[in-house]
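A.B. asks: Fold the following, please.
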Amino acid sequence: MTIVIEDTQLELLAQQLAVTEGVSVTEVLRESLQSLAGLRGLTARKAPLRERLAALASEVDAVPQHQPVDTRSDDEILGYNAHGVW
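C.D. replies: Okay, here's the model as predicted:
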């Protein structure tokens, strides 16, 4: 199925958003329509990218911080002294 956009302002806005977000125009339109469908109470197949990334960020934030076993600095591990020599 092909959708033809004959509104130059809409086309320009979609292109600007695509460049800003680093995605294709198709992805911009997909996310926009999915977000609007969600606001209207329609079922979208998957959540918009922004919401999926926010959920992923929350999961990553919930992972406990790993404490390094070796507490030496990088220079100490590599053997460099204050003058940058071994």
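A.B. asks: host element of the residue nearest in space to the middle of the chain?
C.D. replies: Residue closest to the average C-alpha location in the chain (Cα atoms, centre = their mean): Leu53, at 5.6 Å. For Leu53, the enclosing helix or strand under DSSP states H and E is helix 49-62.
A.B. asks: got the buried residues for that helix?
C.D. replies: By neighbour count, and taking 16 or more other Cβ atoms under 10 Å as the criterion, the buried residues in helix 49-62 are Leu49. For every residue, glycine as well, the C-beta is placed using N, CA and C.
A.B. asks: Can you pull out the residues in contact with it?
C.D. replies: The set of residues that contact helix 49-62 without belonging to it, under Cβ atoms under 8 Å, 6 or more residues apart in numbering, is Val23, Glu27, Glu31, Lys46, Ala47.
A.B. asks: Among the residues you listed, the buried ones, what's the ChimeraX command?
C.D. replies: When burial is assessed using 16+ other Cβ under 10 Å, the buried subset of these is captured in ChimeraX by this command:
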select :31
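A.B. asks: Much appreciated, bye for now.
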